[in-house]
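[1] sequence first, predicted model second:
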Amino acid sequence: MNFYLGSLSVSTKPDMSDKRLPIDVIRHSASHVLAQAVISFFPEAKLGIGPAIENGFYYDFDLDTPITDEMLEKIEIKMNEIIKEKQSFKHFDLPKDKAIELMNQKNQPYKVELINDLNLSSYSFYENGPFLDLCKGPHCENTIRIPAIKLLTVSGAYWRGSEKNKMLQRIYGTAFHDKKALKQFIFQQEEAKKRDHRNLGKQLQLFSINDDIGSGLILWHPKGSRVRHIIESYWRDAHFDANYELLYSPHLGKEDLWKTSGHLDCYQENMYTNINIDNQDYYIKPMNCPFHLMVYKSHQHSYRDLPVRYAELGTVYRYERSGVLHGLMRVRGFTQDDAHIICRKDQVESEITDVLNFCVQILKTFGFHDFKTFISTRPEEKAIGDQQDWDMAQSALENAVKSADMDYEIDHGGGAFYGPKIDIKIKDAIGREWQCSTIQFDFNLPEKFDMSYINSEGNKERPYMIHRALLGSIERFFGILIEHYNGKFPTWLAPVQVQILSIVDKFSPQCEELQKALKAHNIRTNIDTSSDKIGAKIRRYIKEKVPYMIIIGENEIKTGVLSVRKLGSNDTIQMTESELICQIQNEVTHKGQLPTKV
RNA sequence: GCUCUCGUAGCUCAGUCGGUAGAGCGCAUCCAUGGUAAGGAUGAGGUCAUCGGUUCAAUCCCGUUCGAGAGCUCCA
């Protein structure tokens, strides 16, 4: 819960003898200075909360005047003045009634609300200079110990995170131990901005989103489609190798199907409205599960048939509120790399282990090597399935993670009502974490769809069901890949692998000949025989981030040796056609290339 | 959905304190045939997102709708 006094989340005691205070203490102190600066400009501002957060701090204000970017600059200047004044942070406690009296006197209704709700025996306050705040602390001894600050953005935030409450203005800022660390942080932010998949998607002509088509609906351009096709081909081959069967299922289904599955009860707010066909209501699918289960149910299964592994690149549509849409990362129509494993109890653990290893294999192929796993267990309230099944499933998940030798954390009570799960987070080239993969037990759907198999005694038995997605959504994963590689796709993924450049346009026939030869080896090649100078052409394909450029001129034609320029290198390497083909094929076979260092 | 900010050529962006607009890249044509990050010239392209209001006059001011961005909330 993030709506308490931010200070409550700071548990570290400051050690004043240590020159390096905990970063949260510095940031939290900086948030007080921020509030102090804002109050100095707007004495009427009502204070919300001001905690330290992962990459900095914020403070919420109820203030009628909108805070502009220029104002933000002024506030930051003021903050630096306050810091230089070396104001001491003084701490004192008050009983509840006195605390409320003090905050009423300061005209701070939100603080009064917090005091009332916290219900403690005494309330802690911090004071520095003219500024006073309800706060558990701890703080720096004085403001000069806040070494480097920067204000970042202003945005809206609901009081206590609830849409029902008033929207306050939130100022985000950050603080670091020294100017160098602050600079590094700003550099990282800028780096993230530079490799924003929305910009790269436009520059590299990978995809677009068209207003006339609709928000959150992706148009895959030829180059993006090419990359997607490569991803999907690899994915399909890998799934066949791992003994999955691949399915295709329709994009909509009758109302009764979604009633049975429970989606109309539990998920309707994310589903698009009904389509009436021949007096029957149909719904566009937000998930693939019911279709896969229907395939399972299309005939009777023996215990000998299990496990059944059905996978599909299934395109689903979900209503997402307009404000949450974001490039490829959050869309309204997307393709899940979905699978459902239906198995016997005695197969559960090995299935989970296999899925986990398979998942790691696939993620590594795409250049991700840093993983964190989270096991979410049975929620306290309303969960279906008996405790034995939950225990069995949870230990299967834990054993699988252990045997894969992966670090994991347990999120107690964090599972869905229908079963426990493992989520896997991957770290990208600039240290950001993304959750793509999820492996979930489902004790619900087998019940609802009355799934069964015939056991060795000839009796009907309920199978176990595991739902999993490895890349998550192809759209989102593509967005993450673009940013991970900064648009410089490794050779096996690059939409164009080789760009052939002629020095002079009269060498076109030789270029075409080479292209034909490379194409015969499944190498994706384009030719530029335009009348631009070679320097201009090289510049163009560096910007297009093509892995290989081959320059064809008089010398090459005479010697029969190719001049090859690799992306990221300013030198040309001489190699024969077969050497080049061999090198590219080698990269394509091995995959898994890491992004270049930032 | 909510708060704030924004919407000018295919792209990135100037600009007009109210008198219907400009650059660079890209595109087209021509000249140039040049060896490793931009050769030169000419030209085409815009109801200044939409609808309405104020005004002699709106791209600019006010309001509406649509869309985008940063957040909140939610989530793959």
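    Received it, and whenever you're ready, just let me know what you need. Residues are numbered from 1 along each chain as shown, chains lettered A, B, ... in the order given.

[2] A:Ser121 belongs to a helix?
    No: counting by DSSP: H, G, I helix; E, B strand; the rest coil, A:Ser121 is not part of a helix but coil.

[3] might you name the residue of the stretch 201-350 of chain A sitting closest to RNA strand B?
    Nearest residue of the stretch 201-350 of chain A to RNA strand B: A:Gly323, at 1.7 Å (CB to the nearest atom of the strand). All C-beta atoms are positioned from the backbone trio N, CA, C, and that covers glycine.

[4] just to be sure, that residue is in a helix?
    Yes: according to three-state DSSP, A:Gly323 belongs to a helix.

[5] so A:Leu313 versus A:Arg539, what's the distance?
    37 Å (CB to CB, to the nearest Å).

[6] the two: who's more crowded?
    Neighbour count, other CB atoms under 10 Å: between A:Leu313 and A:Arg539, A:Leu313 has more, with 20 against 12.

[7] what's opposite that one in the beta bridge?
    A:Asp337 (DSSP bridges).

[8] and if you look at the one 4 residues further on?
    Counting by DSSP bridges, A:Tyr317 forms beta bridges with A:Gly333.

[9] show me what contacts it?
    Residues in contact with A:Tyr317, defined by CB atoms under 8 Å, 6 or more residues apart in numbering, are A:251, A:272, A:284-286, A:332-333.

[10] these: which ones sit near RNA strand B?
    A:Arg332 (CB under 7 Å from any atom of the strand).

[11] so what's A:Phe449 closest to, chain neighbours aside?
    A:Leu293 (4.8 Å; CB to CB, 6 or more residues apart in numbering).

[12] could you do A:Ser376 as well?
    That would be A:Gly414: by CB to CB, 6+ apart, it lies 3.6 Å from A:Ser376.

[13] host element of the one you found?
    Under the criterion DSSP states H and E, no helix or strand holds A:Gly414.

[14] for RNA strand B, see how far away it is.
    Per CB to the nearest atom of the strand, to the nearest Å, A:Gly414 is found 11 Å from RNA strand B.

[15] how deep is that residue tucked in, by neighbour count?
    Neighbour count for A:Gly414, taken as other CB under 10 Å: 16.

[16] now, of the contacts of A:Tyr317, which are buried?
    Among these, those classed as buried by 16 or more other CB atoms under 10 Å are A:284-286, A:332-333.

[17] ok, what's across the strand from whichever residue of the stretch 101-250 of chain A sits closest to RNA strand B?
    Minimum separation of the stretch 101-250 of chain A from RNA strand B (CB to the nearest atom of the strand) falls at A:Gly156, amounting to 2.9 Å. Residues in a beta bridge with A:Gly156, per DSSP bridges, are A:Gln169.

[18] and the gap between it and A:Pro51?
    With CB to CB as the criterion, A:Gly156 and A:Pro51 are 17 Å apart.

[19] which one of these two has more residues nearby?
    Ranked by neighbour count (other CB under 10 Å), A:Gly156 and A:Pro51 place A:Pro51 first, with 22 against 9.

[20] surely the more buried one and A:Asp60 touch.
    No: using CB atoms under 8 Å, A:Pro51 makes no contact with A:Asp60, being 9.7 Å away.

[21] contacts only, for A:Ala238.
    A:358, A:361-362.

[22] actually A:Ile352, not the one I typed
    A:396-397, A:399-400, A:422, A:439, A:466.

[23] recalculate using a threshold of 10 Å.
    For A:Ile352, the contacting residues are A:341, A:343, A:393, A:396-401, A:403-404, A:422, A:439, A:441, A:466, A:468, by CB atoms under 10 Å, 6 or more residues apart in numbering.

[24] can you list the residues of the stretch 451-598 of chain A near RNA strand B?
    With CB under 7 Å from any atom of the strand as the criterion, the stretch 451-598 of chain A comes near RNA strand B at residues A:469, A:472-473, A:475-476, A:503-506, A:531-536, A:538-539, A:542-543, A:551, A:553-556, A:563, A:565, A:570, A:572.

[25] what about the residues you listed, which are in helices?
    Among those, the members found in helices (DSSP state H) are A:475-476, A:534-536, A:538-539, A:542-543, A:554-556.

[26] farthest pair within these?
    For those, the farthest-apart pair by CB to CB is A:Arg476 and A:Glu554; their separation is 48.2 Å.

[27] point out where chain A drops to low pLDDT.
    Low-confidence segments of chain A (pLDDT under 70): A:1-20, A:65-66, A:68-70, A:163.
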